[in-house]
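>>> Mind looking at a prediction? Sequence and model below.
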Amino acid sequence: TSATCLTGLLTVNVAESFTTFGQVVIMVLIELGAIGIITVSTGFALMLGKSISITQSSMIHDTFTASNNIDVRKLLKSVLIFLFTFELAGALAFAVLWAPEQGIQSALFHGAFLSISAFCNAGISSYTDGLAGYMEDIPTMTVFIILIVAGGIGFLTIAETHDRAKMRLANTGSPVHPRTNWSFQTRIVFFVTAVSLLVGSVLLFVLEYTGAHKGMPVMTQVMSSLFHIASSRTAGFATIDIAAYGAPTVYIFMILMFIGGAPVSTAGGIKVTTFALLGGMAMSRFKGVSNVQLLNRSVPEEVISRAISIVFIAITVLVVAMFVLLMTESTHVAAREAGSGFLPILFEAVSAFGTVGLSLGITPKLTVGGKIVIMLLMLLGRLGPLTIAMAVAGEKGRSSYRYAEETMMVG
């Protein structure tokens, strides 16, 4: 479940508990989880020469894009091309960096495993000590950050960036370059991602300068701050035990885990676009503007309603899951060893629902009931967009009547 849902919450050490064959199976599960069940099944149907039904096409469009002007075959092809290109580039980069110390065979295997895990934001490591051994290896950390962020910004964002780059290169040397108009969604994704990485990294650096990062070289602290903020948005990798961080830093991690990454990505969470829309709605209401405005654009009420629904459902799922977990785990030894019965459990629940994989150390010690709840949270966090797509793919009926309106006080 953890591998397929790209989460990384583990009850055992992968390097110690699984054979090479078992680790290859985990890599395959991560790939299938990243591509998505519907994408895989539709891709196989295309390869077998079968046509895509209207319902399937609608589900793919609703899952991957807000536009209906995108060719489904081209979309699936782009997803696979970008997925394998980034993973291959990451694997080769790791192999080059690690081969002098490990040997080419070991470096290639670990490089492939961790490149797939990083780009797919799975957070599962093939090393016994996770990534602790690379904490001061700036080139390795840089490759990890690039893969994690690329996987988190989404395939549509990568595709648009690629198209814009090709356009620029094709017009190199021309007296006038064509104006590059980025799509509204891509601008939102880049803006929120950049702000969260910058602000989060600065806060973590300041908060942990005399805390978990104490005694480290300044450059190592900078890279560690950037890496853990990027990872906490959805990847789940860590070079330092998360329990070593202070409560304010853990709180920042939980906020980022809940928000997640971009749509059509390997990230979980409510998505940066949803967060941006709610922020835009709040600012518009504060200014007294009736419609929601964001980056000099107006957003349809239907999209805002969908964003509100997603957040409300996410909070409801976490509230119910937390209640069950507190009943199953609050008197258990794991909670007592962690020092608090609430924070570690809340962190675990948010991490599972956001398909992140960070933990304060209680995952292996959860009760059977607690593990089942965490698995359900991982599935709900991963399958949420697909489930919504299936729900909206059906025919929508319109009520023939409307109840009388009433008003009430709010706030």
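Thanks, I have the structure now. Numbers count the residues shown, from 1 in each chain.

>>> what's the residue closest to the geometric middle of this protein?
Ala267 (1.8 Å; Cα atoms, centre = their mean).

>>> What is the neighbour count of the residue lying closest to Val272 once chain neighbours are set aside?
Leaving aside its chain neighbours, Val272 sits nearest to Val192 (4.0 Å; criterion: Cβ to Cβ, 6 or more residues apart in numbering). For the C-beta atoms, the positions are set from N, CA and C on the backbone; glycine is no exception. Residues lying near Val192 (other Cβ atoms under 10 Å) number 21.

>>> backbone phi and psi for the closest residue in space to the residue nearest to the centre of the chain that isn't next to it in sequence, please?
With sequence-adjacent residues excluded and distances taken as Cβ to Cβ, 6+ apart, Ala267 is closest to Gly261, at 2.4 Å. The phi/psi pair for Gly261 (degrees, to the nearest 10) reads phi -110, psi -150.

>>> those strands in this structure, which residues are they?
In the chain, the segments counted as strands under DSSP state E are 292-294, 297-299.

>>> Residues contacting the last one, please?
What that stands for is strand 297-299. When contacts are defined by Cβ atoms under 8 Å, 6 or more residues apart in numbering, strand 297-299 is touched by residues 184, 277, 280, 291-293.

>>> Sheet partners, orientation included, of it?
When sheet partners are counted by DSSP bridges, strand 297-299 sits next to strand 292-294 (antiparallel).

>>> Poorly predicted segments of this protein, please.
Low-confidence segments of the chain (pLDDT under 70): 37-73, 75, 172-180, 331-340, 384-399, 410-411.

>>> And the contacts of strand 297-299, which two are furthest apart?
Phe184 and Asn291 (14.7 Å; Cβ to Cβ).

>>> Please say which of the two ends up with more neighbours.
Legend: neighbour count by other Cβ under 10 Å for Phe184 and Asn291, higher for Phe184 (15 against 11).

>>> okay, now the nearest residue to the more buried one once chain neighbours are set aside: neighbour count?
Computed as Cβ to Cβ, 6+ apart, the closest residue to Phe184 that is not its neighbour in sequence is Arg297, at 5.5 Å. Neighbour count of Arg297, defined by other Cβ under 10 Å: 11.

>>> With Ala165 instead?
Using other Cβ under 10 Å, Ala165 has 11 other residues around it.

>>> and if you look at the one 5 residues further on?
Look at Ala170: counted by other Cβ under 10 Å, it has 10 neighbours.

>>> So it versus Asn181, what's the distance?
Between Ala170 and Asn181 the computed distance is 16 Å (Cβ to Cβ, to the nearest Å).

>>> now Thr220
From Thr220 across to Asn181, the span is 40 Å (Cβ to Cβ).

>>> cool, and Leu29?
Applying Cβ to Cβ, the value for Leu29 to Asn181 is 39 Å.

>>> So for those two, which sits in the more crowded spot?
For Leu29 versus Asn181, the count of surrounding residues by other Cβ under 10 Å is larger for Leu29: 18 against 8.

>>> Count the residues that sit near the residue nearest to the more buried one when sequence neighbours are not counted.
Leaving aside its sequence neighbours, Leu29 sits nearest to Ala3 (Cβ to Cβ, 6+ apart; 4.0 Å). Applying other Cβ under 10 Å, we find 23 residues neighbouring Ala3.

>>> go on, Lys214?
Around Lys214 there are 9 residues (other Cβ under 10 Å).

>>> can you pull the contacts of the nearest residue to it once chain neighbours are set aside?
Excluding the flanking residues, the one nearest Lys214 by Cβ to Cβ, 6+ apart is Glu208, at 7.7 Å. Going by Cβ under 8 Å, 6+ apart, Glu208 touches 214, 221, 225, 245-246, 249.

>>> Narrow those residues to those in helices?
221, 225, 249 (DSSP state H).

>>> Tell me how many other residues surround the nearest residue to the last one once chain neighbours are set aside.
Put plainly, it is Thr249. Nearest residue to Thr249, sequence neighbours excluded (Cβ to Cβ, 6+ apart): Leu207, at 5.2 Å. Applying other Cβ under 10 Å, we find 19 residues neighbouring Leu207.

>>> This completes my enquiry, with thanks.
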